[in-house]
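Undergrad: Any chance you could fold what I've pasted below:
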Amino acid sequence: MRNSAGTAVLLALASGLGGCVIPQPDAAREVLDEETGTTITAMGSALEFYSPRPELGLQAASFAHVGAFESNRMGVRRLMLWLSVLPGGATDDRASASDRPRGLTVIADGVEILPRAAGNDARELGLGGPPFKRPADWARDAYFDVTLDDLKQVERASALALAVTSVDGTVQRYEAWKPERASLARFIEALVRQPPVR
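TA: Here you go, the predicted model:
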């Protein structure tokens, strides 16, 4: 009797859990930008890169965050990269317009991918705000158009780096801080299940 009661409890728990969806780590997320009516599908977390800046001190470094997202406004879809750079040694008071990103080269196993610059402000792109949490208020953001094939190439690369060109023409190279790209793989899986981007 005790066994059958225990079995009944386990079956009830199993059937209750059967309807639950346990989110995968780094799963793609989808949100509605209520300000613009745009649906945003984005990587669960952005990729992180760093660049030593010894000229600014022993521990100084510049950091870059890159996240892929897709905007969908009334069926018009756009696949993009968000770039947010923390210039080494900069603060809210010292950051200037000259260190704002203008160009981005993604280097995947030595092959250069050149996303097309789209702007520096989310609102210029019809978004209510950045699709990812900015690493700091004084971070320098930029947006770039990208293709699904570009993202697949980045995801399967064994070596990954960035070259960021600032408005003043300075080029800063960044290496992958954390090589894990599960978030990008999950995002690509979510895109592949949808119709092609127009």
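
Undergrad: where does this structure dip in pLDDT?
TA: Within the chain, the ranges that satisfy pLDDT under 70 run 1-25, 53-60, 88-98, 179, 195-198.

Undergrad: Apply 80 and report the result again.
TA: Flagging of the chain using pLDDT under 80 yields the residue ranges 1-26, 53-61, 88-99, 178-180, 194-198.

Undergrad: which residues in it form helices?
TA: Secondary structure of the chain (DSSP state H): helices at 2-18, 148-156, 182-192.

Undergrad: At which residues are the strands of the chain located?
TA: For the chain, the strands defined by DSSP state E cover 29-33, 38-42, 47-52, 61-73, 76-86, 101-108, 111-113, 116-119, 140-145, 160-166, 171-176.

Undergrad: Of these, which is nearest Ala182?
TA: Proximity to Ala182 (C-beta to C-beta) singles out strand 47-52 among the strands of the chain, at 10.6 Å. In short, each C-beta sits where N, CA and C put it, glycine included.

Undergrad: Which of the residues in stretch 172-191 are classified as buried?
TA: By neighbour count on 16 or more other C-beta atoms under 10 Å, the buried set for stretch 172-191 is 172, 174, 176, 181, 183-188, 190-191.

Undergrad: what do you get for stretch 80-89?
TA: Neighbour counts over stretch 80-89 (16+ other C-beta under 10 Å) mark 80-88 as buried.

Undergrad: With Ala42 as the reference, measure out to the residue most central in space within the chain.
TA: For the chain, the residue nearest the mean C-alpha position is Gly67 (1.2 Å; C-alpha atoms, centre = their mean). Gly67 is 6 Å from Ala42, where distance means C-beta to C-beta, to the nearest Å.

Undergrad: ok so, going back, hang on, the residue nearest to the centre of the chain packs against Leu47?
TA: Yes. Between Gly67 and Leu47 there is a contact at 7.1 Å, judged by C-beta atoms under 8 Å.

Undergrad: Report the contact partners of Leu184.
TA: Contacts here follow C-beta atoms under 8 Å, 6 or more residues apart in numbering; on that basis Leu184 touches 43, 47, 68, 151, 154-155.
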